[in-house]
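Undergrad: sequence-free structure coming up:
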């Protein structure tokens, strides 16, 4: 229904011309659809392409960037809350990585860091 209304508006003829409005509209629509379906890589790629077609594309980039930042912040906050409840896992990981990090620091000439 919205596609019919979009094509029926008086400036809908511009979509058939060799201007960038139709490309921008398609990229912006697919980018926002990718945000809704949580395909973040595709949303970012399509939003950046929409931003390159027209200056108004920066609004599409912001419309993709803000939800992605919110989801990333929530995911990191939940992950950090989970790891705070299980400090033993971090200790085991640090104990396993310490010999490798010490060897890497000594090999690169950073012996001061290896003793910490």
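TA: On my side now, so go ahead. A quick note: this is a predicted structure, and the numbers were derived from the prediction, not measured.
Undergrad: alpha carbons only for contacts and neighbour counts from here, please
TA: OK.
Undergrad: Show the subsequent helix or strand relative to the helix or strand harbouring residue 3.
TA: For residue 3, the host element (DSSP states H and E) is helix 2-8. For helix 2-8, the succeeding helix or strand toward the C-terminus, using DSSP H and E, is helix 21-36.
Undergrad: and that next one, which residues are buried?
TA: Buried residues in helix 21-36, counted by 16 or more other Cα atoms under 10 Å: 21, 23, 24, 27, 28, 29, 30, 31, 32, 34, 35.
Undergrad: Give me the residues contacting that helix.
TA: 14-16, 40, 42-47, 49-50, 53-54, 57, 60, 63-64, 67-68 (Cα atoms under 8 Å, 6 or more residues apart in numbering).
Undergrad: Tell me the helix or strand right after that helix.
TA: Following helix 21-36 in sequence, per DSSP H and E, is helix 40-53.
Undergrad: Can you give me the neighbour number for residue 38?
TA: Residues lying near residue 38 (other Cα atoms under 10 Å) number 14.
Undergrad: where does it land on pLDDT?
TA: Confidence at residue 38, expressed as pLDDT, is 88.
Undergrad: and it, what does it touch?
TA: Applying Cα under 8 Å, 6+ apart, no residues qualify as near residue 38.
Undergrad: What separation is there between it and residue 51?
TA: 20 Å (Cα to Cα, to the nearest Å).
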